[in-house]
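Q: Model the structure of this input:
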Amino acid sequence: MQRGDKEICHSREELQRDADERLHEYNEQMPRSGKHCCGKTTMQTLLDSLPPAKEKVIESTLQTASVN
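A: Numbering: from 1, shown residues only. Alright, predicted model coming up:
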């Protein structure tokens, strides 16, 4: 059932399914123009940032271990 441009969900499951679809579209299909996204999707930006972030954590851990 629709009212104007808004959909009305009739059950919790229907609402959850709609939310899951929208989150998937937002995170994995729609490109972003933010400072670090550069036209990539939110998910691709996250995946691209994981290797440098892991390396930074390892370096920090090694530095902390060498001080102790």
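Q: mind checking the backbone torsions on Cys37?
A: The main-chain torsion angles of Cys37 are listed as degrees, to the nearest 10 and equal phi -80, psi -40.
Q: Just give the closest residue to it, not the sequence neighbours.
A: Nearest residue to Cys37 in three dimensions, chain neighbours excluded: Thr45, at 4.9 Å (CB to CB, 6 or more residues apart in numbering). Glycine gets a C-beta too; all of them are placed from N, C-alpha and C.
Q: Could you name the specific helix or strand carrying that neighbour?
A: Under the criterion of DSSP states H and E, Thr45 resides in helix 42-67.
Q: just how off-centre is that helix within its chain?
A: Using CA atoms, centre = their mean, to the nearest Å, the distance from the centre of helix 42-67 to the centre of the chain it belongs to is 18 Å.
Q: ok, now stretch 40-48?
A: Stretch 40-48 has its average C-alpha position 7 Å from the chain's average C-alpha position, going by CA atoms, centre = their mean.
Q: Restrict that stretch to CA atoms and write it as PDB.
A: What follows is the C-alpha trace of stretch 40-48 in PDB, where atoms were taken according to Å, rounded to 0.1, in the frame of the first residue of the first chain:
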ATOM      1  CA  LYS A  40      33.400   4.800  -4.900                       C
ATOM      2  CA  THR A  41      30.600   3.100  -2.900                       C
ATOM      3  CA  THR A  42      30.700   3.200   0.900                       C
ATOM      4  CA  MET A  43      31.600  -0.500   1.000                       C
ATOM      5  CA  GLN A  44      34.400  -0.100  -1.500                       C
ATOM      6  CA  THR A  45      35.900   2.800   0.400                       C
ATOM      7  CA  LEU A  46      35.800   0.600   3.600                       C
ATOM      8  CA  LEU A  47      37.400  -2.400   1.900                       C
ATOM      9  CA  ASP A  48      40.100  -0.200   0.400                       C
END
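Q: No further queries at this time; thank you.
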